[in-house]
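**Q** this is a predicted model, with the sequence first.
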Amino acid sequence: MNKPVISEEKLLWMYETMVKIRVHEERAAELFAENKVPGFVHLYVGEEAVATGVVANLKKEDFISSTHRGHGHYIAKGGDIKASMAELFGKTTGCCKGKGGSMHIVDLSIGELGANGIVGGGIPHAVGAAMGIKLNGLDDVAVAFFGDGASNQQNFHEGINLAAIWKLPVVFVCENNGYQISLPYSKQQIINSVAERGKSYGIPAVSVDGQDVMAVYEVAKEAIERARNGEGPSLIEAKTYRFRGHFEGDPAIYRTKKELEWWKENKDPIIIFKKLLLEKNILSEDDSALIQKKKEEEIEEAVKFAESSPWPKKEDILKDVFSTSTKGVLVWEW
Amino acid sequence: MNEKKHKVCTTVGIIANPESGKDIRRLVSHASVFDNMEKVNIVERILTTLQAFGIRKVLVMPDTFGIVLRAINVIGKNLKIDIDFLPIETLGNWKDTYEATRQMKDKVSAIIVIGGDGTNRIVAKACGDVPIMPLSTGTNNVFPYMMEATIAAEAVAAIVMGFTSKEEGTYKRKRLEIFQEDKLKDIALIDIAVTMHSYIGAKAIWRSELLKEIVVTQCSPYNIGLSSIAGNIKEIRMDENHGFYLEIGDGEMIKAAIAPGVLKEISIKNFRILNLDEKVKLRNIPSLLALDGERELDINSDVYVKITRDGPKVINYQKTLRIAAQRGFFKN
Amino acid sequence: MGMVRKISYAQAINEALDYKLSKDKKVIMIGEDIGTFGGTFGVTAGLLDKYGPERIYDAPIAESGQIGVAIGAAATGLLRPVFELMFIDFFGVCMDQIYNQAAKMRYMFGGKAKISMVIRAAGGAGMGAAAQHSQLLHSMFSHLPGLKVVVPSTPSDAKGLLISSIEDDDPVVFIEHKGLYAVKGPVPEEPQRIPLGVADVKREGKDITIVATAAMVYKSLEVATKLYKEGISIEVIDPRSIVPLDENTIVNSIKKTGRLVVVDEDYPRASFATDIAAIAASKCFKELKSPVKLVTPPATPIPFSPALEKEWIPSVEKIEKAVREIL
Ligand SMILES: Cc1ncc(C[n+]2csc(CCOP(=O)(O)OP(=O)(O)O)c2C)c(N)n1
Ligand SMILES: [Mg+2]
């Protein structure tokens, strides 16, 4: 066998991470359907290769900013799934003590700057993190994940432009899954790739098949190395597709079943990657089954943890507004 | 097939690839992004030019972006050409190009191809004997012309309207054929590179460390890409009936621009002229084959490569227009 | 008591910025025209020369992006940004970053994020700058949980409060009244910190309590001086920060005087003025001897014509009238 330019260990990490995200998301869908997970839940099924291929090039100290569809980013970056699962349930043991939920999972200790309920909101946060990195003379980088819909928003344009003029170590990763809820990409922009926008900000931009984790990995590697070497920001568009509705409960009337089936059959990132690993004898069917089982167990453990965790208390409502105890009216009366 | 001339087919085909011009080379090699609105502008200029020279019908590959459709909308009611879209369900990948070429080849007298080496490679698989006019969408190509679309459309019109004959105005290009167990497995137009990359990934090749062998149909010191490694040793023109084979390994170092802005030092172990139809067995297997600069084929068993003259028929626009001008093509 | 030098409100703010920039490498500034130009109101003059473009960022007009960058930088703990929004009126183009991002991160993330950043902005009417360049808007920000809101009236308050704001671990909206930039007052040279949430009794009195902010503090003091001659003793309280709010000082004063006038330059409805009235009604109803009076502008956009703007802004006469009505 010809030698990979990437270690087998890393390839297996990528495979396990993608499976972990998939299992997590499918379980989250069930939990939502069982009314155990409240609120809005946007799942990452089908898009696993993007977060995985990008984060495979990051270290713990590097930062990412995430989106409403943030479970995949969190898991890939190494977020504790017990804490995030408990957060999805709204339990006090959650990563936000039950105050954030699915759209706000966060782990600053591993550079995960938080999921975001505002489309585009997190983009400049990664730019800010990159500014902090640069001014402190660190060799870390920041990555902003966002959707195709977000690339219409001011924060995209402003954030990229600021990063470009200040030459900050940040990589913008647009997960173009073809839809902004129901609006297809072709009706959002008159161009056919978000990558075309890089030119107007004077930064390199590239479009990549987001269902092929190796392609994402390679592109991200170059972009991240560029940023780390002080060569400034770049933009990656990963063309991808979400296999579930926009949020759980979405009847998805805006797309055909045929389209969805085509993607699932031809462009499932896990199937594509698994095939490669099997061909290269890096993975066997047995290994794969074992990984699947292991991930299911991990997720199940997280679910158990979440289910058995206590709810937050009423007095917790008033906590964590400020770093100092609040003076002035916080509540007129309970 | 000389001069049946009952009814001359004056239909032109257009294949514009919406996916070209945005790959990883923008990131690793400062290649220019070629955006789709620019392709729309190109098609707009092509259509108005064809119309001005009397072309009445154009057959088009539908694409996911709608390059031609948008151009039609821009021109509006001044457009008199009859434009038909082929009945293809677009997938947004190479299959669209292949299917469109296959379907249009018997219905058109020439095909204008807007894309890079990769797009032309697909067209070449299915275009048979129909002359093509390849227009480049970026600076990192060898096969297509980097030129103004108006002139390209003029040359196409001159051929299609019969001012310059196909025999006069076109020439056959060479191609590389890849055989596995005596079966033609794939083709390339300019170069095949054997690389030790273990996966296809982002396709392009911008690192030279893993390169092992290169076979080219043509090469020169003034072209970009993997073939320039050979071209910097010896020039091989497209009209010469041979190609070049080289192996990378311990030996003399040469510098080559393997992508725009990417200069690599590569050590050449040995090289030789490869005659037309002479088979060469690739030495490094298993490996990946990059066809015209893009990783495409994973190979695990013996592979032979040979150069033939069975490449597409390409319009020589300078010669075509020179002859056409003498024959009154530009006169009212 | 040694002589304390007098400097302007703008200079005082500049000194606070200069001090923090010199002491803390993490402090940086982002804003429009804050560098070479020295700030639209000259507040940041000299800082670029002293600290260079890696600390003082002259930014393109992209307020949402700028605040977002400041938030991201703060969230990492790597920097303590001071963002200048040229006019507080411009918050509309970047409000999401202010109230959905900066204000809520700490809470949403279960107390784990620390957004130590300051949004400095010029506000206030009186310069004929019309409806989009004259508002003060502190009520707006104090409405939103998670933001600290400071509105200093004097040069020394401005300096002391800004230093504290930069050192604070929460996002602070620091609104500078542009009518006060040239006002001079004694300001200690040393970096004296004034904690947020401590009101300042600008004048003691026993008959009536006036709670006033920013430029209204001066007008209220003018009325107090005038009426003192008639034997009317007015206590003027400047809360200085709206969030946190020094309720105790205000409540104790109302309990003492039994009468309250709130004088504020922000809009009247759902506002700082009504908030103080609500505190009075709910916390010292028994002690109130007369209705609470609110002296604010009308609920209209700010008119341009000097003739109208003068009427729009609460005047000394209106304050005096309000005081007399409840005595
Ligand atoms: C500022 C803002 N506008 C609208 C919404 C409602 N919304 C939530 S997700 C979404 C679509 C986002 O599309 P995209 O960026 O492509 O991300 P995707 O959901 O496809 O991952 C919208 C409109 C929002 N949360 N924030
Ligand atoms: Mg989307």
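**A** In hand now; what should we look at? Ligands and ions are numbered 1, 2, ... in the order given.
**Q** check what pLDDT residue C:230 gets.
**A** Predicted confidence (pLDDT) for residue C:230: 96.
**Q** and it, how many neighbours?
**A** Residue C:230: 9 surrounding residues under other C-beta atoms under 10 Å in any protein chain shown. In short, each C-beta sits where N, CA and C put it, glycine included.
**Q** for residue A:248, same thing?
**A** Residues near residue A:248, counting by other C-beta under 10 Å: 20.
**Q** before we move on, what about residue B:181?
**A** Neighbours of residue B:181 using other C-beta under 10 Å come to 9.
**Q** all helices of the chain, in order?
**A** Here I'm looking at chain A. A:8-33, A:48-55, A:71-77, A:81-89, A:123-135, A:154-165, A:213-228, A:257-266, A:269-279, A:285-308 (DSSP state H).
**Q** to clarify, I was referring to chain C.
**A** Using DSSP H, helices in chain C cover C:9-23, C:47-51, C:63-75, C:95, C:103-108, C:138-142, C:155-167, C:215-228, C:247-257, C:272-283, C:306-312, C:316-326.
**Q** nearest to residue B:37, out of those?
**A** The closest approach between residue B:37 and any of these, judged by C-beta to C-beta, belongs to helix C:63-75 at 25.2 Å.
**Q** to residue B:269, which of the helices of chain A lies closest?
**A** helix A:213-228 (26.9 Å).
**Q** can you pull out the strands in the stretch 101-250 of chain C?
**A** C:118-123, C:148-150, C:172-177, C:184-186, C:200-203, C:208-212, C:234-238, C:241-243 (DSSP state E, counting those that start in this stretch).
**Q** returning to that earlier point: let's have the helices of chain A in CSV, adding distance to ligand 2 and mean neighbour count.
**A** Converted to CSV, the helices of chain A look like this (distance: least, C-beta to the ion, whole Å; neighbours: other C-beta atoms under 10 Å in any protein chain shown):
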stretch, distance to ligand 2, mean neighbour count
helix A:8-33, 16, 20
helix A:48-55, 11, 30
helix A:71-77, 13, 28
helix A:81-89, 21, 26
helix A:123-135, 14, 30
helix A:154-165, 13, 25
helix A:213-228, 16, 25
helix A:257-266, 14, 12
helix A:269-279, 16, 18
helix A:285-308, 25, 15
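**Q** could I get those as CSV with distance to residue B:51 and mean pLDDT?
**A** Listed next are the helices of chain A as CSV, based on distance: least, C-beta to C-beta, whole Å; pLDDT from 0 to 100:
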stretch, distance to residue B:51, mean pLDDT
helix A:8-33, 51, 97
helix A:48-55, 44, 98
helix A:71-77, 50, 98
helix A:81-89, 60, 97
helix A:123-135, 45, 98
helix A:154-165, 38, 97
helix A:213-228, 41, 97
helix A:257-266, 36, 96
helix A:269-279, 45, 97
helix A:285-308, 58, 98
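**Q** what's the closest of those helices to residue B:289?
**A** helix A:269-279 (15.2 Å).
**Q** can you list the low-confidence ranges for chain C?
**A** C:1-3 (pLDDT under 70).
**Q** what number of residues lie near residue C:312?
**A** Neighbours of residue C:312 (other C-beta under 10 Å): 18.
**Q** pull out the buried residues from stretch A:307-314.
**A** A:309, A:312 (16 or more other C-beta atoms under 10 Å in any protein chain shown).
**Q** which residue lies nearest the spatial centre of the chain?
**A** In the absence of a named chain, this looks at chain A. In chain A, the C-alpha nearest the mean C-alpha coordinate belongs to residue A:73, at 2.7 Å (C-alpha atoms, centre = their mean).
**Q** wait, chain B
**A** Chain B has residue B:120 as the residue nearest its centroid, 3.0 Å off, counting by C-alpha atoms, centre = their mean.
**Q** distance-wise, check that residue relative to residue B:44.
**A** Look at residue B:120 and residue B:44: by C-beta to C-beta, to the nearest Å, they are 22 Å apart.
**Q** before we move on, what about residue B:68?
**A** Taking C-beta to C-beta, one finds residue B:68 at 9 Å from residue B:44.
**Q** who has more neighbours out of these two?
**A** residue B:68 (25 against 20).
**Q** and the more buried one, what does it touch?
**A** B:14, B:16, B:43, B:47, B:60-62, B:83, B:85 (C-beta atoms under 8 Å, 6 or more residues apart in numbering or on different chains).
**Q** count the neighbours of residue B:70 for me.
**A** For residue B:70, using other C-beta under 10 Å, the count is 18.
**Q** pretty sure it sits in a helix.
**A** Yes. Judged by DSSP: H, G, I helix; E, B strand; the rest coil, residue B:70 forms part of a helix.
**Q** excluding chain neighbours, what is closest to it?
**A** Closest residue to residue B:70 apart from its sequence neighbours, by C-beta to C-beta, 6 or more residues apart in numbering or on different chains: residue B:40 at 4.6 Å.
**Q** the one you found: helix or strand, and which one exactly?
**A** Applying DSSP states H and E as the criterion places residue B:40 in helix B:36-52.
**Q** now that helix: mean pLDDT?
**A** 95.
**Q** for residue C:24, grab the count of nearby residues.
**A** Residues near residue C:24, counting by other C-beta under 10 Å: 13.
**Q** and the gap between it and residue B:163?
**A** Taking C-beta to C-beta, one finds residue C:24 at 78 Å from residue B:163.
**Q** distance between the ends of stretch B:50-61?
**A** 17 Å (C-alpha to C-alpha, to the nearest Å).
**Q** so is that stretch next to chain A?
**A** No. Figure legend: stretch B:50-61 not in contact with chain A (C-beta under 8 Å from any C-beta of the partner chain); closest approach 14.7 Å.
**Q** not counting residues beside it along the chain, what's closest to the residue of the stretch 201-334 of chain A found nearest chain C?
**A** Minimum separation of the stretch 201-334 of chain A from chain C (C-beta to the nearest C-beta) falls at residue A:328, amounting to 3.1 Å. Distances taken as C-beta to C-beta, 6+ apart place residue C:245 nearest to residue A:328, at 3.1 Å, with adjacent residues excluded.
**Q** mind listing what whichever strand or helix holds residue B:268 pairs with, with the direction of each?
**A** Element membership for residue B:268, per DSSP H and E: strand B:262-275. Applying DSSP bridges, strand B:262-275 is found paired with strand B:242-259 (antiparallel).
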